[in-house]
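In: can you look at this prediction? I've put the sequence above it.
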Amino acid sequence: MTEVRVWKYDGTELAWLQDRLDRPESGSGHVVSELVPAGFDAYVRIFHQFAATDGSGRTRTWRAWAEDAGVSFHRELSHLTLPHEFRAPGEPMWQTEEGALDGPSRRALARCLAGVTGEQSVCFAYDLAALCRGEDEPLVRRSSLTDLEAVREEVADRVGRCGPEFWWPDDRSWVVTTDYDLLSTYVGCSAETAERILRDDDIEALPVTTQTRVDWYADRPR
(Lines give C-alpha, C1' and ligand atoms only; values in the text may rest on other atoms or scores of the structure.)
Protein backbone atom coordinates (compact mmCIF):
# COMPACT_ATOMS: atom_id res chain seq x y z
CA MET A 1 0.00 0.00 0.00
CA THR A 2 1.41 3.41 -0.98
CA GLU A 3 1.99 5.82 1.89
CA VAL A 4 0.84 9.38 1.26
CA ARG A 5 2.84 11.92 3.23
CA VAL A 6 1.15 15.18 4.18
CA TRP A 7 3.51 18.15 4.02
CA LYS A 8 2.59 20.90 6.50
CA TYR A 9 4.01 24.43 6.88
CA ASP A 10 2.14 25.41 10.04
CA GLY A 11 4.59 26.11 12.82
CA THR A 12 7.60 26.21 10.49
CA GLU A 13 9.70 29.22 9.44
CA LEU A 14 8.32 28.83 5.90
CA ALA A 15 4.67 29.32 6.86
CA TRP A 16 4.63 33.11 6.25
CA LEU A 17 6.18 32.77 2.82
CA GLN A 18 3.98 29.91 1.62
CA ASP A 19 0.89 31.84 2.71
CA ARG A 20 1.85 34.70 0.39
CA LEU A 21 2.66 32.70 -2.73
CA ASP A 22 0.14 32.50 -5.57
CA ARG A 23 -0.99 28.97 -6.22
CA PRO A 24 -0.79 27.54 -9.77
CA GLU A 25 -3.86 28.24 -11.86
CA SER A 26 -5.19 26.44 -14.90
CA GLY A 27 -3.49 27.45 -18.11
CA SER A 28 -0.05 27.17 -19.56
CA GLY A 29 3.09 27.83 -17.61
CA HIS A 30 4.14 29.04 -14.18
CA VAL A 31 5.05 32.55 -13.09
CA VAL A 32 7.30 34.36 -10.60
CA SER A 33 4.52 34.90 -8.04
CA GLU A 34 4.43 31.14 -7.45
CA LEU A 35 8.05 31.31 -6.30
CA VAL A 36 8.45 34.72 -4.65
CA PRO A 37 5.76 36.54 -2.62
CA ALA A 38 3.95 39.56 -4.01
CA GLY A 39 4.49 42.96 -2.46
CA PHE A 40 8.12 43.68 -3.34
CA ASP A 41 9.08 46.76 -5.34
CA ALA A 42 11.25 44.79 -7.76
CA TYR A 43 11.92 41.26 -8.97
CA VAL A 44 15.06 39.86 -10.60
CA ARG A 45 15.90 36.68 -12.49
CA ILE A 46 19.45 35.36 -11.98
CA PHE A 47 20.62 32.93 -14.67
CA HIS A 48 22.65 29.92 -13.49
CA GLN A 49 25.96 29.86 -15.35
CA PHE A 50 26.74 27.06 -17.79
CA ALA A 51 29.91 25.08 -17.14
CA ALA A 52 31.99 23.17 -19.70
CA THR A 53 31.84 19.38 -19.37
CA ASP A 54 35.52 18.93 -20.28
CA GLY A 55 36.78 19.72 -16.78
CA SER A 56 38.45 22.95 -17.90
CA GLY A 57 36.50 25.09 -15.45
CA ARG A 58 35.28 27.33 -18.27
CA THR A 59 31.86 28.95 -17.89
CA ARG A 60 29.44 30.47 -20.35
CA THR A 61 26.68 32.99 -19.82
CA TRP A 62 23.19 32.74 -21.23
CA ARG A 63 23.67 36.08 -22.99
CA ALA A 64 26.86 34.93 -24.73
CA TRP A 65 25.25 31.69 -25.87
CA ALA A 66 22.17 33.54 -27.10
CA GLU A 67 24.31 36.03 -29.04
CA ASP A 68 26.38 33.23 -30.62
CA ALA A 69 23.20 31.48 -31.71
CA GLY A 70 21.35 34.60 -32.87
CA VAL A 71 18.71 34.17 -30.16
CA SER A 72 17.19 37.08 -28.23
CA PHE A 73 18.38 37.32 -24.61
CA HIS A 74 15.30 38.21 -22.58
CA ARG A 75 13.64 37.66 -19.22
CA GLU A 76 11.66 34.56 -20.24
CA LEU A 77 14.47 32.87 -22.17
CA SER A 78 14.37 29.07 -21.82
CA HIS A 79 17.46 26.88 -22.03
CA LEU A 80 15.47 24.82 -24.54
CA THR A 81 15.61 27.79 -26.91
CA LEU A 82 19.42 27.75 -26.92
CA PRO A 83 20.43 25.42 -29.76
CA HIS A 84 22.61 22.77 -28.17
CA GLU A 85 23.69 21.53 -31.58
CA PHE A 86 25.29 24.95 -32.18
CA ARG A 87 28.82 23.92 -31.21
CA ALA A 88 32.12 24.29 -33.02
CA PRO A 89 34.17 21.14 -33.63
CA GLY A 90 36.02 20.18 -30.47
CA GLU A 91 33.87 22.39 -28.25
CA PRO A 92 32.55 20.75 -25.05
CA MET A 93 28.97 20.33 -24.01
CA TRP A 94 27.67 22.98 -21.59
CA GLN A 95 25.58 22.17 -18.53
CA THR A 96 23.96 24.05 -15.68
CA GLU A 97 22.31 22.83 -12.51
CA GLU A 98 18.65 22.55 -11.63
CA GLY A 99 17.94 23.90 -8.18
CA ALA A 100 21.45 25.18 -7.53
CA LEU A 101 22.73 28.67 -8.23
CA ASP A 102 26.37 28.30 -9.30
CA GLY A 103 29.00 29.14 -6.69
CA PRO A 104 30.37 32.40 -8.14
CA SER A 105 26.87 33.81 -8.70
CA ARG A 106 25.67 32.62 -5.30
CA ARG A 107 28.59 34.22 -3.46
CA ALA A 108 28.23 37.45 -5.44
CA LEU A 109 24.53 37.57 -4.59
CA ALA A 110 25.29 37.08 -0.91
CA ARG A 111 27.74 39.99 -1.07
CA CYS A 112 25.12 42.21 -2.70
CA LEU A 113 22.52 41.35 -0.10
CA ALA A 114 24.94 41.77 2.79
CA GLY A 115 25.20 45.43 1.83
CA VAL A 116 21.53 45.98 2.67
CA THR A 117 21.02 43.37 5.40
CA GLY A 118 23.80 44.23 7.82
CA GLU A 119 23.99 42.04 10.92
CA GLN A 120 20.50 40.55 10.63
CA SER A 121 20.04 36.80 10.85
CA VAL A 122 18.99 35.03 7.66
CA CYS A 123 16.82 31.93 7.26
CA PHE A 124 18.00 29.32 4.76
CA ALA A 125 15.20 26.86 3.94
CA TYR A 126 14.87 23.61 2.03
CA ASP A 127 11.34 22.66 1.00
CA LEU A 128 10.88 20.24 -1.91
CA ALA A 129 14.45 18.99 -1.52
CA ALA A 130 13.67 18.03 2.07
CA LEU A 131 10.40 16.36 1.07
CA CYS A 132 12.12 14.33 -1.64
CA ARG A 133 14.79 13.21 0.81
CA GLY A 134 12.27 11.93 3.37
CA GLU A 135 12.36 14.74 5.94
CA ASP A 136 9.26 15.24 8.11
CA GLU A 137 9.09 19.00 7.58
CA PRO A 138 10.96 21.77 5.80
CA LEU A 139 14.59 22.04 6.82
CA VAL A 140 15.48 25.55 8.02
CA ARG A 141 18.72 26.99 9.37
CA ARG A 142 19.08 30.48 10.83
CA SER A 143 22.49 32.06 10.57
CA SER A 144 24.28 35.03 8.96
CA LEU A 145 24.76 35.62 5.25
CA THR A 146 28.46 34.92 5.67
CA ASP A 147 27.56 31.37 6.76
CA LEU A 148 25.69 30.53 3.54
CA GLU A 149 28.33 28.09 2.29
CA ALA A 150 28.73 26.53 5.73
CA VAL A 151 24.97 25.92 5.91
CA ARG A 152 25.04 24.24 2.49
CA GLU A 153 27.83 21.93 3.66
CA GLU A 154 26.05 21.13 6.92
CA VAL A 155 22.84 19.92 5.26
CA ALA A 156 24.36 18.37 2.13
CA ASP A 157 24.07 14.82 3.45
CA ARG A 158 20.33 15.36 4.08
CA VAL A 159 19.21 17.34 1.02
CA GLY A 160 22.09 17.16 -1.46
CA ARG A 161 23.99 20.04 -3.05
CA CYS A 162 20.96 22.05 -4.12
CA GLY A 163 19.58 25.30 -2.76
CA PRO A 164 18.92 26.79 -0.35
CA GLU A 165 15.50 26.91 -1.99
CA PHE A 166 14.49 30.00 -0.01
CA TRP A 167 16.52 32.54 1.95
CA TRP A 168 15.43 35.79 3.58
CA PRO A 169 16.50 38.14 6.43
CA ASP A 170 14.62 38.79 9.65
CA ASP A 171 13.00 41.94 8.28
CA ARG A 172 11.85 40.04 5.14
CA SER A 173 13.08 42.89 2.96
CA TRP A 174 14.08 40.40 0.27
CA VAL A 175 13.52 36.76 -0.62
CA VAL A 176 15.70 34.55 -2.80
CA THR A 177 14.13 31.46 -4.39
CA THR A 178 16.07 28.75 -6.19
CA ASP A 179 13.34 26.32 -7.17
CA TYR A 180 14.28 22.63 -7.02
CA ASP A 181 13.35 22.10 -10.70
CA LEU A 182 14.51 25.32 -12.36
CA LEU A 183 17.74 26.67 -13.89
CA SER A 184 17.37 30.24 -12.64
CA THR A 185 17.05 31.93 -9.26
CA TYR A 186 14.47 34.65 -8.56
CA VAL A 187 14.70 37.50 -6.06
CA GLY A 188 12.03 39.81 -4.68
CA CYS A 189 13.47 42.96 -3.12
CA SER A 190 13.53 46.76 -3.09
CA ALA A 191 14.31 48.73 -6.24
CA GLU A 192 17.67 49.73 -4.76
CA THR A 193 18.63 46.14 -3.99
CA ALA A 194 17.57 45.06 -7.47
CA GLU A 195 19.89 47.70 -8.94
CA ARG A 196 22.76 46.35 -6.83
CA ILE A 197 22.16 42.87 -8.24
CA LEU A 198 21.73 44.03 -11.84
CA ARG A 199 24.93 46.09 -11.72
CA ASP A 200 27.10 43.30 -10.31
CA ASP A 201 29.51 42.01 -12.96
CA ASP A 202 29.58 38.54 -11.36
CA ILE A 203 25.82 38.04 -11.67
CA GLU A 204 23.90 37.55 -14.91
CA ALA A 205 20.45 38.94 -14.22
CA LEU A 206 17.45 40.66 -15.75
CA PRO A 207 14.48 42.46 -14.16
CA VAL A 208 11.20 40.51 -14.19
CA THR A 209 7.66 40.93 -12.87
CA THR A 210 5.40 38.70 -10.79
CA GLN A 211 3.75 37.50 -14.02
CA THR A 212 6.95 36.61 -15.88
CA ARG A 213 6.93 32.96 -16.94
CA VAL A 214 9.51 30.75 -15.20
CA ASP A 215 8.94 27.26 -16.56
CA TRP A 216 11.12 25.51 -19.15
CA TYR A 217 8.68 26.31 -21.98
CA ALA A 218 8.38 30.01 -21.13
CA ASP A 219 9.31 31.22 -24.62
CA ARG A 220 8.54 28.08 -26.61
CA PRO A 221 5.26 26.68 -27.96
CA ARG A 222 4.05 23.76 -25.88
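Out: Perfect, I can see it now.

In: quick one: contacts of the helix or strand bottoming out on mean pLDDT in the chain?
Out: Lowest mean confidence among the helices and strands of the chain (mean pLDDT, DSSP states H and E): strand 94-95, at a mean of 80. Residues outside strand 94-95 that contact it (CB atoms under 8 Å, 6 or more residues apart in numbering): Phe50, Ala51, Ala52, Thr53, Arg60, Trp65, His84. Any C-beta I mention is one placed from the backbone N, CA and C, and that applies to glycine too.

In: who does it pair up with?
Out: Paired strands of strand 94-95, with direction, are strand 50-52 (antiparallel) (DSSP bridges).

In: buried set for the partner strand?
Out: Neighbour-count burial for strand 50-52 flags Phe50, Ala51 (criterion: 16 or more other CB atoms under 10 Å).

In: next: stretch 130-146.
Out: Counting neighbours by 16+ other CB under 10 Å, one finds that the buried residues in stretch 130-146 are Ala130, Leu131, Glu135, Glu137, Pro138, Leu139, Val140, Arg141, Ser144, Leu145.

In: wait, Asp102 touches Thr96, no?
Out: Yes - in this structure, Asp102 is within contact of Thr96 by CB atoms under 8 Å, at 7.2 Å.

In: shared neighbours of those two, anything?
Out: His48, Gln49, Ala51.

In: nearest to Ser190, of these?
Out: Ser190 has its nearest neighbour among the shared contacts of Asp102 and Thr96 in His48, at 23.5 Å by CB to CB.

In: show the contacting residues for the residue nearest to Asp19 when sequence neighbours are not counted.
Out: Closest residue to Asp19 apart from its sequence neighbours, by CB to CB, 6 or more residues apart in numbering: Tyr9 at 7.8 Å. Going by CB under 8 Å, 6+ apart, Tyr9 touches Ala15, Gln18, Asp19, Pro138.

In: could you redo the last one with a cut-off of 10 Å?
Out: Ala15, Trp16, Leu17, Gln18, Asp19, Asp127, Glu137, Pro138 (CB atoms under 10 Å, 6 or more residues apart in numbering).
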